[in-house]
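> Need a 3D model of the following:
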Amino acid sequence: MVIYMFLEIPKLKKWKMKYISSTHKIDNKHQDFYKVPAKSEHIIAKIDEPGIIVSLWITIGSRDKNILRKAILNMYWDGEAIPSVEAPIGDFFGSAAGMGEYTHLGLNIPIGLGRYIHFWSLPIGCTSGGYYTYFPMPFNKALIKIVNVSELDIDLLYYMIGYISLDNVDDMARFHAIWRREKYTKLGEPYTILIAKGKGHYVGTLLAMEGFDKGSYGGLGFLEGNMEIIADGEIAYGSTGTEDYFLSGWYFIKGVFNAPFHGLLIKDSENLKILAYRFHIPDPIPFEKELIVRIHHGEWDEVLTDYSSVAYWYQLEPHYEFMRIDPSSL
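The predicted model follows:
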């Protein structure tokens, strides 16, 4: 896969590359950022021609220490009313709220990045203050928003979006990502990461877990739960445990790491917190009609846990109208 990427570099390109940034003029002077007031939204891209977003970078600053959970990323393709992407900025890019350490900007101003986690993978990452994704996102039309549900302003919002202008992308599936949370998992029932209806393929999971009871396997007994990916009524993937799905073992015995397609970003045995990701870029899981992604919390769904997740997938539109984010659940 990497060799193929490098072999593509010398080939002449037949498309036009375009960028959209937060830089704009005020009184004949340029300003590189926008302010997003509390309880408002800001459109960062509105594109009315076919193309593929191939890079997206954002960074924000706010007085709200939990802004990474309270700034929501929405992406709409082809004029749809229900977004194909809806997730808190932090979770979408890998910094699940409450998991990382608060990062202050300094500069003698009371503004910070929120609870930021520094890491990289090939599709997404949070690197030295920035958030990026290289997931390709085809569209005939595109609308991307940042929705600030915080009681405080986003004082600084910077962004740069790169896209290829094309004549036609009708043969390509659309990118999707949704966030879910169950603050208290249900006994006897697995936690559902995604229910998708239509035709497409699954490409990744970000999962944050926080236990409540130290009595079960030292407090990490929820890791005994298996991951299940059910495509068109058949189990396409069934793991032998939670950490095994993330290509690790023995309760992530060697601790945190990040790799191109999988990683462990947080292991806090004292506070019972785990944050991990896996991308099925080399091994996408296709479905024709329906996909269900779920994970068990303990062997028999008996371990009470706080789960939050982002599911990443591609599918043809229209997509299943998943439940929108309730700000009270953040």
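> just checking, residue 205 touches residue 179?
No - the criterion here is CB atoms under 8 Å, and residue 205 misses it with residue 179 at 11.7 Å. All C-beta spots, glycine's among them, are computed from the backbone N, C-alpha and C.
> Please enumerate the shared neighbours of those two.
The contact sets of residue 205 and residue 179 overlap at 309, 310 (CB atoms under 8 Å, 6 or more residues apart in numbering).
> Give me the contact list for stretch 239-248.
Contacts of stretch 239-248 with the rest of the structure, by CB under 8 Å, 6+ apart, involve 205, 207, 209, 222-228, 249-252, 262-264, 274, 276-278, 295.
> if we go to 7 Å?
By CB atoms under 7 Å, 6 or more residues apart in numbering, the residues outside stretch 239-248 that reach it are 222-227, 249, 251-252, 262, 264, 276, 278, 295.
> Tell me the buried residues within those.
Buried by 16 or more other CB atoms under 10 Å: 222-227, 251-252, 262, 264, 276, 278, 295, out of those.
> which ones among the residues you listed are found in helices?
Of the buried ones among the contacts of stretch 239-248, none are assigned to helices by DSSP state H.
> hey, which helix or strand in the chain has the poorest pLDDT?
strand 101-104 (a mean of 68; mean pLDDT, DSSP states H and E).
> Quick check: next helix or strand after that one?
Per DSSP states H and E, the first helix or strand lying C-terminal to strand 101-104 is strand 112-116.
> Any regions of the stretch 51-200 of the chain where pLDDT drops low?
Scanning the stretch 51-200 of the chain for pLDDT under 70 picks out the ranges 97-102, 104-110, 113.
> quick one: the strands in it?
Counting by DSSP state E, counting those that start in this stretch, the stretch 51-200 of the chain has strands at residues 51-62, 71-77, 85-88, 101-104, 112-116, 119-120, 124-127, 130-133, 137-139, 142-148, 154-165, 174-182, 191-197, 200-211.
> Run through who's touching the last one.
Read that as strand 200-211. Taking CB under 7 Å, 6+ apart as the criterion, the residues outside strand 200-211 that touch it are 91, 94, 96, 99, 123, 173, 193, 219-220, 222, 229, 272-281, 284-287, 291, 293, 303, 305-316.
> In its sheet, which strands sit next to that strand, and in what direction?
strand 273-279 (antiparallel), strand 285-287 (antiparallel), strand 305-315 (antiparallel) (DSSP bridges).
> Next, format those strands as JSON lines and append mean pLDDT.
Output for the strands paired with strand 200-211, formatted as JSON lines (pLDDT from 0 to 100):
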{"stretch": "strand 273-279", "mean pLDDT": "96"}
{"stretch": "strand 285-287", "mean pLDDT": "98"}
{"stretch": "strand 305-315", "mean pLDDT": "97"}
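> Can you lay out the ones you listed as a markdown table showing distance to residue 186?
Shown next, in a markdown table, are the strands paired with strand 200-211 (distance: least, CB to CB, whole Å):
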| stretch | distance to residue 186 |
| --- | --- |
| strand 273-279 | 19 |
| strand 285-287 | 25 |
| strand 305-315 | 10 |
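> Between those, which one is closest to residue 185.
Closest approach to residue 185 among the strands paired with strand 200-211 is made by strand 305-315 (4.9 Å; CB to CB).
> Run the angle between the closest one and strand 191-197 for me.
Inter-element angle recorded for strand 305-315 and strand 191-197: 20 degrees (by axes from the mean of the first three to the mean of the last three CA atoms, to 10 degrees).
> now strand 305-315, how far from the chain's geometric center?
8 Å (CA atoms, centre = their mean, to the nearest Å).
> any residues touching it, and which ones?
87, 91-92, 96, 173-185, 191, 193-194, 196, 198-211, 222, 293, 297.
> Just the buried residues from those, in ChimeraX please.
The command below creates a ChimeraX selection of those among those that count as buried (16+ other CB under 10 Å):
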select :87,91,92,96,173,174,175,176,177,178,179,180,181,182,185,191,193,194,196,198,199,200,201,202,203,204,205,206,207,208,209,210,211,222,293,297
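> quick one: the nearest residue to residue 149 once chain neighbours are set aside from residue 184, how far?
Distance criterion CB to CB, 6 or more residues apart in numbering; nearest residue to residue 149, sequence neighbours excluded, is residue 327 at 4.4 Å. Distance of residue 327 to residue 184, given as CB to CB, to the nearest Å: 18 Å.
> Mind naming the longest helix for the chain?
Max-length helix for the chain by DSSP H is helix 2-8.
> tell me which element the nearest residue to residue 250 once chain neighbours are set aside is part of?
Once flanking residues are discounted, residue 250 sits nearest to residue 243: 7.4 Å by CB to CB, 6+ apart. Under the criterion of DSSP H and E, residue 243 resides in helix 242-245.
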